[in-house]
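Chemist: quick one, what's the 3D model for this:
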Amino acid sequence: SHRATTSCQRTSSSSLLRTPTTLHLGDLDDLSDYGKQKAGKELAGLQNKREQMKRAKLAYTKPDDDKPKIEEMSDEEIAAMFANKDESDMEEFFEKNYMPTWKTKRSPSAVERLGGGGGGSMADDDKDGEGEEKEQFVFVDWTDESADDNEFHIPNRIGFSTVEWGDVKKGFVNGKLKKADRKQGKFNKTDLKKAYEKLQQSGISFVETSESFANSESFLKKFLDECEHGDRALVASTFSNPWKKAVRSRKLPRFGSNAINEAAEKSCEKMGVSSMSLYQVQNPWVYVGGSSALAEGMLDVIQDDHSRYVGCVDMSVSKLAKLQKKLRDDGEFVATNQFEFSLTNRKNLGMITTCKKLGITPICRNVLDGGLATGKYTSTNPTGGEVSKGEGDMGPYPLRKLEKLDPLFRTLEKLAESVGKRIGSDLLKYESRDRPNINTGISTTQIAIAYVRAKGAVPLLSITNSRAANELLGCLGWDLTEEEVDQLDKACQSCGC
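Modeler: Take a look at the predicted model:
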């Protein structure tokens, strides 16, 4: 199956990006004046239809199949498709938005990533946006689909979560923020919208939410309608643990296959979409109806078009294997499994390997381990450079724990510097006009994120403002080498991680 890469540019055209397709109706010199006039009108009509399709937003519905859309094809591919067709056939193909059966490959020359940001630090001061120039973005998927574990492709193998959106306990403020609020890490709806739009336009289109995440699904509905997207947003929502939900709602726990399908339908309604890209089922511990009811519910979600793919959250190996077998027997599959993993919390390293053997994409959350994996907090800087909260405040982590991790933190700092130099050296191989706009100011946070991706997983980070969005975008366009990953592995082992 095919998952095409869409590059959407709002800046001046670049020689590195695909040029508009030209359609030829034949040799006009062999036609009469009337024939030339008629052919010219038909050509103009076809080109006009083509432009209308380009400008039209992609409908957020499950496609009939995974073949590339005609507006995403190269000149050569369109020419091959129409080689044996006459002009009336061409008109019919455009009206039906015909999809060919072959695969197209991502162009290795698509090297532009984004403007106005790259690798900002999460510690940078945020701006309200007043008086700022409009940022310019280019959506580029740097990853090769051959690295995918199944047909569900996540651009750049990275995503962001809405787990903190609308949650007052996490710092959300419903209204205008004061400077003191920003210093405390608080955020509002404007911050969320800016961050969402920046990520969607610049190469990170996979966004995860859940019915249990405060008002995040409602926020997504608004942002999906109002924000510009570089590619079609890949939205994933979650069927939360029925027992936890029962405690919160003080109602009986949900059960049976219908509960899963009904919850997926409600999530679609809340987000204002007809179908999601991925619907996840959180480990229910013990589900009334058993694994068969879980599998049937997941199949119903796909069958009723509430989601194109289904996945899991925190499922054990045995449950994953059973669900995968049941779904494959019906021609579908478990696409993903989400769980915790980071440099400083590698207990689920074996789960990554297991998922890949089962053809399941591992998605890892809490990849910064609450900030511990970033190297921000060390034995010599236990508060992470933040103002002490009072006498005796030694930061969020015990000093003994930080001392134990010192070798890892030193390795992070060295790699942040050496990786940045390596990328900078590689960029010099390009002519200045063709040089990719890739971040070279690598931070220890970005090294920690890249490590998770290098292990074969998709890192998922909670993003609430533009600073954090910039930090995440600074991870695009480069990867750690095997030697660099090996250095981190050895540092983790020496620290007992």
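
Chemist: got the contact list for the helix or strand hosting residue 412?
Modeler: For residue 412, the host element (DSSP states H and E) is helix 406-427. Helix 406-427 is contacted from outside by 343-344, 375, 378-379, 435-436, 438-444, 446-448, 478, 480-481, 484, 487-488, 491-492, 494-495, 497, using Cβ atoms under 8 Å, 6 or more residues apart in numbering. No exception for glycine: its C-beta is placed from N, CA and C like everyone else's.

Chemist: separate out the buried members of those residues.
Modeler: Buried members of those, scored by 16 or more other Cβ atoms under 10 Å, are 343-344, 375, 378-379, 436, 438-440, 442-444, 446-448, 478, 480, 484, 487-488, 491-492, 495, 497.

Chemist: quick one: the helix holding residue 412 to chain centroid distance?
Modeler: 25 Å (Cα atoms, centre = their mean, to the nearest Å).

Chemist: who does the following helix or strand past it touch, helix- and strand-wise?
Modeler: Sequence-wise, the next helix or strand downstream of helix 406-427 (DSSP H and E) is helix 444-454. Other helices and strands packing on helix 444-454, by 3 or more Cβ pairs under 8 Å, 6 or more residues apart in numbering; DSSP states H and E, are helix 406-427, strand 458-462, helix 466-473, helix 482-495.

Chemist: between the last one and helix 406-427, how big is the angle?
Modeler: Just to be clear, that refers to helix 482-495. 170 degrees (axes from the mean of the first three to the mean of the last three Cα atoms, to 10 degrees).

Chemist: so helix 482-495 versus helix 444-454, what angle?
Modeler: Orientation check (the same axes, to 10 degrees): helix 482-495 against helix 444-454 gives 100 degrees.

Chemist: against residue 213, how distant is residue 336?
Modeler: Distance, residue 336 to residue 213, using Cβ to Cβ, to the nearest Å: 17 Å.

Chemist: quick check: which of the helices and strands packed on helix 444-454 has the most neighbours on average?
Modeler: Neighbour counts (mean count of other Cβ atoms under 10 Å) averaged over each of the helices and strands packed on helix 444-454 peak at helix 466-473, with a mean of 25.

Chemist: between that one and helix 444-454, how many degrees?
Modeler: Using the same axes, to 10 degrees: helix 466-473 against helix 444-454 is 50 degrees.

Chemist: where does pLDDT dip in the stretch 151-300 of the chain?
Modeler: When residues are selected by pLDDT under 70, those of the stretch 151-300 of the chain lie in 245-246, 249, 252.

Chemist: does residue 170 touch residue 162 like I think?
Modeler: No: using Cβ atoms under 8 Å, residue 170 is not in contact with residue 162, being 10.8 Å away.

Chemist: with neighbour numbers in mind, choose between the two.
Modeler: residue 162 (26 against 15; other Cβ atoms under 10 Å).

Chemist: contacting residues around the more buried one?
Modeler: With Cβ under 8 Å, 6+ apart, residue 162 has these contacts: 207-209, 213, 216, 219-220, 462.
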